[in-house]
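Asks: Please find the sequence and the predicted model below.
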Amino acid sequence: MGDSSDQASCVGRREVAVRLRAGAALLLVALSISSLGCIGDLVSPALSRVVYAFASPLPDTTVNVGDTSRVLPCALTANGRDVACRLEVTVANAVHNLTVRQGRIVMDSLGTAVITMRPVNAQLPNDTIVRAATVRGVAPQIQLANAGTEDTLIAVGQELMLIPLVSTLSGRIIMGAPVRWTQDSGVGVAILVTSRPGWIRALGNGVAVFRASTDTASVTRRVLVRLLPYL
C-alpha cells in the first residue's frame, strides 16, 4: 500500500511540474509577442491623419468691367500649419467675359462667370479641395452725350432724346449695357416716353429732373420747359 501511495504522489508532482513549465512557456511566448508589438510601434509608428484646410480666396462678388482684381492668395494649412501652394483658377461655365492673368481676375465685359479655385501642392491629390465663386461684371460709369448741363423744351409735346454712354472707369465704352430711366422730379412738367427709352416729352412750364442708371452708377439731367406764348 505504501509503495502505491508514493508512486501516485510522485506522478501528481510530475504533472504539476509539467503544467507549471507549460504555463511558464506560454507566458514567455505572450511576453515575446507583446515586446515585438512595442518594437514595431517604435520602428513604424501609426501614421497620423493630416487635416488640410483651404480658405477660399474670393467670395461671390461683383467686379467692374475693365478692372483687375488683386492677386488671389493661396492659403492652405495642414493640421493648422501653413503649407506652400500654388492657386489654380479655372472658368467653370465657359464664358468669355472673365480671364485670369497672373493670378488676377480681369472682367472684360458684362455678364456672370463661375470660377473654381484649387490649391496645388505635391502632397494633395488632384481635386481634393475645390472652392467656387460667382463673379458678375458690372458697368461702373455712365454719362450723357448731350452737350451742356441742362436741356430746354419750348412747346407742349416737344420731345428730347438723352443719349447715355456707359463706360469703364478708364472711359472705354461698354456696348449693350442696360440703362434704367427714372424721373426724380417735375411730374406734370415733362415725362419719360415709355415706348422709347431716353426720350423726354414736355407737358408744361417748370423744371424736371431725369436719371439714367446702370449697375453701380447713375447720372441726372435737368430739363427746363419754358413754353413760348402763342402769337
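Replies: Nice, thanks for sending it over.
Asks: okay, CA-based contacts and neighbour counts for the rest of this
Replies: Will do.
Asks: quick one, helices of this structure?
Replies: In the chain, the helices defined using DSSP state H lie at 2-43.
Asks: okay, now the domains of it?
Replies: Recorded structural domains for the chain (assignment: automatic domain parsing) are 1-36, 52-138, 141-225.
Asks: Start and end of the longest one, how far apart?
Replies: It refers to domain 52-138. Chord length of domain 52-138, first to last residue, is 35 Å (CA to CA, to the nearest Å).
Asks: What lies in contact with stretch 102-117?
Replies: Residues outside stretch 102-117 that contact it (CA atoms under 8 Å, 6 or more residues apart in numbering): 56, 63-72, 87-100, 130-139, 174, 177.
Asks: Of the residues you listed, grab the buried ones for ChimeraX.
Replies: In ChimeraX, this line selects whichever of the contacts of stretch 102-117 come out buried by 16 or more other CA atoms under 10 Å:
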select :56,63,64,65,66,67,68,72,87,89,91,97,98,99,100,131,132,133,134,135,136,137,138,139,174,177
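Asks: Reformat the domains of the chain as JSON lines; add mean pLDDT.
Replies: Converted to JSON lines, those look like this (pLDDT from 0 to 100):
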{"stretch": "domain 1-36", "mean pLDDT": "50"}
{"stretch": "domain 52-138", "mean pLDDT": "89"}
{"stretch": "domain 141-225", "mean pLDDT": "96"}
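Asks: Thr149 is in contact with Arg221, isn't it?
Replies: Yes: contact criterion CA atoms under 8 Å: Thr149 and Arg221 qualify, at 6.9 Å.
Asks: Please say which of the two ends up with more neighbours.
Replies: Taking other CA atoms under 10 Å, Thr149 and Arg221 do not tie; Arg221 has more neighbours (20 against 10).
Asks: Cool, thanks, signing off.
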